[in-house]
Structure formats: C-alpha cells, structure tokens
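1. model this:
(one chain, ligands or ions: 1)
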Amino acid sequence: MVRFPDSPIYAGFSHPMRFEGDIYDLECIQGEVPPQLEGTFFRVQLDPQYPARNGDDMPFNWDGMITSFRFSGGHVDFRSRYVRTPRFVAERAARQALFGSYRNPYTDDPRVAGIVRGLANTNVYFHAGRLLASKEDSHPIEIDPDTLETVGVFDWDGAVTSLTATAHPKVDPATGELVFFGYAAKGESTPDIAYYEADASGKVTHEAWLLPPYPAMIHDWAVTEHFVVFPLTPLVMDHDRLKAGGSPFVWDGSRDACLGVLPRKGGPDEIRWYRNSNRFASHVMNGFDDGRLVHVDTPVGTTSAFPFFPDVTGKPFDPTATRAYLSRWTVDTEGGESFEEARLVGAPGEFPRIDDRFATKPYGFGLMSLTDVPGDDRFPPPNGAYRFVAAVAPETGRVDVYYPGDRCAPQEPCFVPRRPGAKEGDGYALVVVGRLDEMRSDLIVLDTTDLGAGPVATLALPFRLRYGLHGNWVDATMLTTRSAPEGATHVTGDEPA
Ligand SMILES: [Fe+2]
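-> Numbers count the residues shown, from 1 in each chain. Now for the predicted structure:
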C-alpha cells in the first residue's frame, strides 16, 4: 500500500504525481506555436515513486521524471517517463523505498548496499548523440530521446573513474567539447574533485584530480575559453556526520567563498584558489575571460538557499537572506589572492540561463526566474516559488519581465534561437508555468525580444507537472544524428515479475 504522509512537502500542488503518459498534439489555448520550431524541449522534474523510508523527506531525494515537448510544424507532443535508475528499479521491485535520507548511504536498507543511489533528477542534456539525465552524486543515465525509455548508466565507456559527474556540464560551442567535473568524486563527503573534457564525439580527452581548500558542495561552475572555475561556497561536507546519520551538507558561515581557477585542460599543480567573504551562490549564468581576467556571472545571496541543510551553529533558516542577485565575480589571474564582486541586476532571482551559442565567451543576454521585482507588489510568491520570467542584459542591468498571473509559478526558462544564425537572444523562452489554483500546468512560449508582451503560444496540460529543475532544447537536426547506445550499461529488472 502506498500512502504519502500528511506533510507540507507532499501537500497541494506539491503532491506526487507518479504519472507517466503521452499527449499527442497538446491543446494550444492561446496564440500560435512558431512553425519554425523543430526540436524537443526536455526537462526533468522531482517526483517520488514511494514515500520516504525515513519519515519526512526533501525534494532533492525524489525520483527523476523526464518530460519532453516535441515541436514540429506548429504542433507539440508531450511525453513523461520516470528514469529507470538502478535505485528506481530496486524500489519498484520491492514496492517501497529502500534508500534512506538524501545522499546518506548509512541510512539505507542493507539490501541495497552497493546499488548506486543516483536519482537522475537534476538535469537532462544532449551531447555526442546521447541524451543524459543527471544528478551530481552519480554517473548520468542515458535516455532514448524518442521514447524516453531508459538505456542505462553512462560512464563515458569507462573513462570517467570519478563516481560522480556534475548535473551542470558545459558544451563549448566553439569546439563541441563537453566540459564537466565530479565533486565528492571518491564517494559521499570525500573532498576530491575530478575534472574532465570530452571531445565532440564523446571521447574523454582530459582528466585531472584536484583538492579544494575545504570539502563542500559544488553544484554548478563556469567554463570559459581558457579556464574552468570551481565556485566553492560553504555548504560543507563531513564524513563523520554522515556516518552518524546526519545531513550531508551544513552551512558554515565562518568560511570564505573560494573560486578555484584552472587553465582549460590543466593539472592539479596549476589550480589557484581566490577568496572573498562568506556568501552563497548556486547556478552560473555564464563565464568568460580575456586571457587574464576571468568573469563568472551568478546570483549571489548572503546565505544558503536550502532550508533542509542546517546551519552549523543551529541558527534558524532566514528566507530573506537567501535572496540572490545576479552578480559578477572577477578574478585577476595575474593579481592577488582575492576575487571581486559587482552586482549586475537589482531584482532577486535564480535559474539563470543564456543563449547557449554564447557559452564560454562575452555575452549580452540571459534569462532568469525572479522572486521579486522592486516596486511590483503583485501576489506574493507561493511557498517561495518564482513569480516572474525575466530577460536580462548583464552589461547594462536592463530587465524585461513577464508576470504569468497571481498564484502562478514559472519554472526555469529555456532559450531557443528564432532561427539558425539569429542574433544573440533573438528567439523564444520555453517555460513551464504551474497554475496553482487550477492544479495544472501550461507550457508557454515567450518572444525574448518582447517578454512583457506575454506568450506567443500557451500549450495547456490537463494535469500538474511537478516542480522541475533543469532542461534543454535539442534541435531536431541533432536528434536525427544521435549515437547507437552501445556505451551505456543496461539497467534490468524494471518491473517485478
Ligand atoms: Fe542546478
């Protein structure tokens, strides 16, 4: 019997959906879908298959479900499927949760010892002909982009010996390389960082093992033309605490924030760590360099945004201190030991994205979800969710905002160029919006040259989509040239016999 506890994290719009299905030709209830959009918007959402093994839970510990919106000729088809991770398969066979607390293997049922704990619930990206669903505590899972069926665990044909791979790899648009890393690379709460580059065919061409000033979460990072940058903010790890059944991360306000800067394809002797006072950042909008100065644009808050990771001093969580403002961190690689910070945008928000054709280089356009816009007192954010979709110009601070309505929760925006060769930022933003009072969701298509004008198309779903984290657009031309899936290890035993 399945029964989710009476807990706010499972209540109302946040109640698990556990629904896999297809809708052929979504209903377009407003506007028209731009007919030149040919490709698929893949995203991943957090949706627990079973109630937590250890009572109350937190969303990052939920199973990953991929959704796809396939655009063709002005029509959009929808599909949703759980990722059949080894963990999902084991729990499905047992008809119950077997894995315990978030990223703490010491709280698991002994029957699952040795089974990878990854949930593939954070991002879904495409490289070298493979669609990969990812979470930073494990290797990604290859997904068939047509059927969304799980192909299996992917470890770059055995070349990635790190046990982990970030959910935020970067594709260098100039070379087609996938640039990625794993932290806690030798297992939960270990300090090691492994840095990799794979060429456009997916072959790993570089590996370097690094050590940070202190062991902590590194959720996202920056890749520029000449450097990689590891932002270390103090959600610190401690293996003894983990062994005692505690949180894998705690916020330590006494520690500096650090930026580890390493030349592309560099080794452990070449990394330099630059410091500034304590602060928090999670996602990176973009990074670029001029050969000497290295810039990283990221929303910066004064403390951790995650209420489920406690403060090391026991201080209660303060949601107002988590407001994050898009800022630029700059390192002078020929200068001193610290980095500088300058605020770029005056409205707080997160989930920064760019026109990915400008990744690694100077850029002038970004998208974000905003919690607040100064002077705009429309309906307060429901449960801390985002209220606005914004197009921002980092160089000028200009913000163009779209408000989807009271008690509507937009998720991470995804940019699609209007056509091949369109100038930077000229295109569309695809955004899933939760209609909280209607208990359902829409996919909206916004014109990024005039976001405030409202959607050019609204595609209605007759049910809720769970809160998602990240997603990406994959052009139809890329999907027709994808690889055969020999490189992945198949996960078996999906359904109990
Ligand atoms: Fe993320």
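
2. can you point out the buried residues in the longest helix along the chain?
-> The single longest helix within the chain, with elements called by DSSP state H, is helix 86-94. Residues 86-92 are the ones in helix 86-94 that count as buried (16 or more other C-beta atoms under 10 Å). Heads up, the C-betas are built off the backbone N, CA and C, glycines and all.

3. again, but for stretch 416-435
-> Buried residues in stretch 416-435 (16+ other C-beta under 10 Å): 416-418, 425-435.

4. so what are the sheet partners of the helix or strand that Ala429 is a member of and their directions?
-> Assigned by DSSP states H and E, Ala429 falls within strand 427-435. Strands flanking strand 427-435 in the sheet, each with its direction: strand 408-410 (antiparallel), strand 414-417 (antiparallel), strand 440-447 (antiparallel) (DSSP bridges).

5. next one: the second one to chain centre, how far?
-> What that stands for is strand 414-417. 16 Å (C-alpha atoms, centre = their mean, to the nearest Å).

6. just the CA trace of stretch 354-368, in PDB.
-> This file holds the C-alpha atoms of stretch 354-368, laid out as PDB (Å, rounded to 0.1, in the frame of the first residue of the first chain):
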ATOM      1  CA  ILE A 354      21.800  32.100 -21.700                       C
ATOM      2  CA  ASP A 355      21.700  31.700 -25.400                       C
ATOM      3  CA  ASP A 356      24.000  28.700 -25.300                       C
ATOM      4  CA  ARG A 357      25.700  29.600 -28.500                       C
ATOM      5  CA  PHE A 358      27.500  32.300 -26.400                       C
ATOM      6  CA  ALA A 359      28.600  29.900 -23.600                       C
ATOM      7  CA  THR A 360      32.300  30.500 -22.500                       C
ATOM      8  CA  LYS A 361      32.500  33.900 -24.200                       C
ATOM      9  CA  PRO A 362      31.400  37.600 -23.700                       C
ATOM     10  CA  TYR A 363      27.600  37.800 -23.900                       C
ATOM     11  CA  GLY A 364      24.800  40.200 -23.600                       C
ATOM     12  CA  PHE A 365      21.600  38.200 -22.900                       C
ATOM     13  CA  GLY A 366      20.300  36.000 -20.100                       C
ATOM     14  CA  LEU A 367      17.000  34.600 -18.800                       C
ATOM     15  CA  MET A 368      16.100  34.100 -15.200                       C
END
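
7. please renumber the chain so that the first residue is 51 from this point on.
-> New numbering, starting at 51: the last item is stretch 404-418.

8. how far off centre is that stretch?
-> The answer for stretch 404-418 is 16 Å, by C-alpha atoms, centre = their mean.

9. and for stretch 141-161?
-> Using C-alpha atoms, centre = their mean, the offset of stretch 141-161 from its chain centre is 24 Å.

10. run through this structure and note the low-pLDDT ranges.
-> 431-434, 531-547 (pLDDT under 70).

11. domain assignment for it?
-> According to automatic domain parsing, the chain comprises the domains 83-187+517-547, 205-396.

12. for Asp422, which of the ones you listed is the nearest?
-> Closest to Asp422 of the domains of the chain, according to C-beta to C-beta: domain 205-396, at 7.3 Å.

13. what about that closest one, how long is it end to end?
-> 41 Å (C-alpha to C-alpha, to the nearest Å).

14. closest one to Arg448 out of the buried residues of stretch 466-485, please.
-> Gly475 (11.4 Å).

15. who's in contact with the closest one?
-> Contacts here follow C-beta atoms under 8 Å, 6 or more residues apart in numbering; on that basis Gly475 touches 405, 414-415, 441, 465, 498-499.

16. now with 10 Å, please.
-> By C-beta atoms under 10 Å, 6 or more residues apart in numbering, the residues touching Gly475 are 404-405, 407-408, 413-417, 441-443, 465, 467-468, 498-499.

17. list the buried residues in stretch 513-525.
-> With burial defined by 16+ other C-beta under 10 Å, the residues of stretch 513-525 counted as buried are 514-525.

18. export stretch 262-273 as CSV, just CAs?
-> Extracted in CSV, the C-alpha atoms of stretch 262-273 (Å, rounded to 0.1, in the frame of the first residue of the first chain):
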residue,chain,number,x,y,z
PRO,A,262,39.6,22.2,-2.7
PRO,A,263,40.5,24.3,0.4
TYR,A,264,37.6,22.6,2.2
PRO,A,265,35.2,19.8,1.1
ALA,A,266,31.8,21.3,0.1
MET,A,267,29.1,21.2,-2.5
ILE,A,268,30.0,22.5,-6.0
HIS,A,269,26.6,22.4,-7.8
ASP,A,270,27.5,24.5,-10.8
TRP,A,271,30.6,26.0,-12.2
ALA,A,272,31.9,28.2,-15.1
VAL,A,273,33.8,27.3,-18.2
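
19. quick check: buried residues in it?
-> 262, 265-273.

20. tell me the two of those residues that are most distant?
-> Once C-beta to C-beta is applied, the buried residues of stretch 262-273 give Pro265 and Val273 as the farthest pair, at 22.0 Å.

21. tabulate the buried residues of stretch 262-273 (CSV), appending distance to Gly341 and secondary structure.
-> Formatted as CSV, these follow (distance: C-beta to C-beta, whole Å; DSSP: H, G, I helix; E, B strand; the rest coil):
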residue, distance to Gly341, secondary structure
Pro262, 25, coil
Pro265, 31, coil
Ala266, 29, strand
Met267, 30, coil
Ile268, 25, coil
His269, 27, coil
Asp270, 24, coil
Trp271, 20, coil
Ala272, 16, strand
Val273, 15, strand
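
22. and the residues you listed, which is closest to Lys236?
-> Pro265 (10.8 Å).

23. Three-state assignment for the closest residue to that closest one other than its chain neighbours, please.
-> Nearest non-adjacent residue to Pro265, counting by C-beta to C-beta, 6 or more residues apart in numbering: Pro241, 3.8 Å away. Taking DSSP: H, G, I helix; E, B strand; the rest coil as the rule, one finds Pro241 in the coil state.

24. how much space between Pro241 and Met418?
-> 32 Å (C-beta to C-beta, to the nearest Å).

25. out of those two, which sits in the busier spot?
-> Met418 (28 against 17; other C-beta atoms under 10 Å).

26. what pairs with the more buried one across the strands?
-> Beta bridges link Met418 to Ala440, judged by DSSP bridges.

27. and it, how far is that from Ala374?
-> 10 Å.

28. residues shared between the contacts of those two?
-> 333, 349, 398-400, 402.

29. and the residues you listed, which two are the farthest apart?
-> His333 and Pro398 (13.2 Å).

30. who touches both of the two?
-> 349, 374, 418.

31. and the first one, how far is that from Arg378?
-> Applying C-beta to C-beta, one obtains 11 Å for the distance of Pro349 from Arg378.

32. report the set of residues contacting both of these two.
-> 335, 394.

33. neighbour-wise, which of those two wins?
-> Each of Pro349 and Arg378 has its neighbours counted (other C-beta under 10 Å); Pro349 has more, 26 against 18.

34. hang on, the more buried one packs against Ser332?
-> Yes. Between Pro349 and Ser332 there is a contact at 7.3 Å, judged by C-beta atoms under 10 Å.

35. can you list residues touching both of these two?
-> Contacts common to Pro349 and Ser332, judged by C-beta under 10 Å, 6+ apart, are 355, 374, 400-402.

36. test my guess that Gly105 contacts Pro55.
-> Yes. Between Gly105 and Pro55 there is a contact under C-beta under 10 Å: 7.2 Å.

37. just to revisit the earlier point, of the strands paired with strand 477-485, which is nearest Asn154?
-> strand 458-460 (29.3 Å).

38. returning to that earlier point: and the domains of the chain: which comes nearest Ala459?
-> Per C-beta to C-beta, nearest to Ala459 of the domains of the chain: domain 83-187+517-547, 7.8 Å.

39. residues touching Ala479, list them.
-> 403, 417, 439-441, 452, 460, 462-466, 494-498, 501, 505.
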